[in-house]
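A.B. asks: coords below, sequence missing:
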């Protein structure tokens with residue numbers, strides 16, 4: 001089941017959003033009249049659509065077989081990638097992005113997090129780290145692969161190949177492997193005695209939303225996500241402006257996502273052993289420390305690798321922290337609904353950051369101003385995490401007590 005989630009993540013999100021951003025330099029060349037904001041709009045549209053669908057997806061996950069959601073998402077995503085190969089106008093460009101967002105809502109992180117939460121009641125940190133590392137691994141493979149494919153053919157042909165990759169491998173594992181719950185195969189969740197598992201416990205969404213920790217975690221994820229998603233979407237064009245060739249820039253982007261994949265694995269492993277709140281703070285601190293280096297790279301190119309390393313480590317730990325701390329603070333009983341709500345601020349950051357950066361680029365003619373804004377976001381997110389998150393225990397068996405003032409009332 002874990003391998004199935006890895007395949008779905010790798011070929012779903014990895015060859016969806018991350019592959020599209022690899023094509024942006026070629027879109028800029030193919031449509032010279034389009035602004036940078038127009039070129040980057042599909043990423044924001046895709047993520048906003050996925051985010052808007054998150055509460056619906058969370059609702060359906062508690063009621064509809066997960067295989068149905070996976071299959072529908074795979075079909076919609078593949079059709080959207082085929083249509084991207086045929087766009088000619090901004091209207092078509094944006095409409096296909098909406099369709100891709102609808103598809104991704106059925107195959108991306110939220111359904112996989114809920115699936116593994118049903119099959120694993122221990123080693124949750126490591127398991128979430130593995131499936132999210134698969135996303136980053138897709139992001140590491142896609143830039144180098146797609147860029148070389150485009151250089152050998154053209155960007156429209158590349159989208160046709162991406163559609164095939166996004167359809168056949170994940171659909172195969174959905175049809176042959178994926179099952180909703182261990183009981184359907186006469187099993188107990190991993191980490192639970194074979195005699196049977198106790199019913200899942202935890203806070204309802206309303207109860208969780210009354211705690212300070214619920215809001216602090218959402219705010220920290222939003223503010224920490226802003227610089228990460230700005231950087232990973234704009235890195236290719238930024239490196240091209242610094243004088244790197246197409247293949248060299250794509251390889252550096254692949255390096256960024258490879259480092260992120262390693263960070264996601266290590267984050268999950270560490271969260272099974274140490275205070276999870278501290279792990280989140282450390283990763284936010286890496287983002288806050290690494291992002292200011294972007295302002296110095298034009299004068300000191302040697303800072304590029306340390307910047308890539310720090311931001312990739314921080315970015316790698318950001319997304320896995322949501323389900324890990326969600327289970328820890330609020331339990332599993334209503335996890336689909338809670339994670340569905342948490343996806344909204346995270347996806348707003350993922351959608352808004354690249355578009356805000358593109359708009360500021362068009363306004364000021366460069367990346368210096370957006371880099372300053374994103375640095376401020378990173379430091380504010382770090383401060384909120386330090387002050388607002390309740391201390392976390394390693395115990396998996398029950399929701400952690402939310403210390404301090406229990407609610408906003």
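C.D. replies: Noted; the coordinates are in hand. Since this is a predicted model, take the numbers as computed values, not measurements. Numbering: from 1, shown residues only.
A.B. asks: Ramachandran angles for the residue lying closest to residue 272 once chain neighbours are set aside?
C.D. replies: Leaving aside its chain neighbours, residue 272 sits nearest to residue 125 (4.2 Å; criterion: CB to CB, 6 or more residues apart in numbering). For every residue, glycine as well, the C-beta is placed using N, CA and C. Main-chain torsions, residue 125, degrees, to the nearest 10: phi -60, psi -50.
A.B. asks: For residue 179, see how far away residue 125 is.
C.D. replies: Distance, residue 125 to residue 179, by CB to CB, to the nearest Å: 23 Å.
A.B. asks: Looking at those two, which is more packed in?
C.D. replies: residue 125 (28 against 17; other CB atoms under 10 Å).
A.B. asks: That one is in contact with residue 264, isn't it?
C.D. replies: No - Residue 125 lies out of contact with residue 264 (CB atoms under 8 Å); the separation is 10.4 Å.
A.B. asks: shared neighbours of those two, which are they?
C.D. replies: Taking CB atoms under 8 Å, 6 or more residues apart in numbering as the criterion, residue 125 and residue 264 both touch residue 320.
A.B. asks: Residue 5 contacts residue 131, correct?
C.D. replies: Yes - here residue 5 reaches residue 131: they are 4.5 Å apart, a contact under CB under 8 Å.
A.B. asks: anything in contact with each of those two?
C.D. replies: Here residue 5 and residue 131 share the contacting residues 112, 116, scored by CB under 8 Å, 6+ apart.
A.B. asks: For the worst-scoring helix or strand of the chain on mean pLDDT, which outside residues touch it?
C.D. replies: Lowest by mean pLDDT, DSSP states H and E among the helices and strands of the chain is helix 321-330, with a mean of 80. With CB under 8 Å, 6+ apart as the contact definition, helix 321-330 has outside contacts at 113, 117, 124-125, 128, 202-203, 207-208, 211, 213-214, 217, 221, 267-268, 271, 276-277, 279-280, 283, 335, 338-339, 342-343, 346, 389-390, 392-393, 396, 399-400, 402.
A.B. asks: one more time with 7 Å
C.D. replies: With contact meaning CB atoms under 7 Å, 6 or more residues apart in numbering, helix 321-330 is reached by 113, 117, 124-125, 128, 202-203, 208, 213, 217, 221, 271, 276, 280, 335, 338-339, 342, 346, 392, 399-400, 402.
A.B. asks: Over to stretch 166-175?
C.D. replies: 4, 7-8, 11-12, 15-16, 67, 70-71, 74, 77-78, 81, 107.
A.B. asks: So residue 107, which state does it fall into?
C.D. replies: When classified by DSSP: H, G, I helix; E, B strand; the rest coil, residue 107 comes out as coil.
A.B. asks: Surely residue 179 touches residue 186?
C.D. replies: No - Residue 179 lies out of contact with residue 186 (CB atoms under 7 Å); the separation is 10.9 Å.
A.B. asks: The closest residue to residue 165 other than its chain neighbours and residue 7, how far apart?
C.D. replies: Leaving aside its sequence neighbours, residue 165 sits nearest to residue 15 (CB to CB, 6+ apart; 5.0 Å). Remark: distance between residue 15 and residue 7 (CB to CB) = 11 Å.
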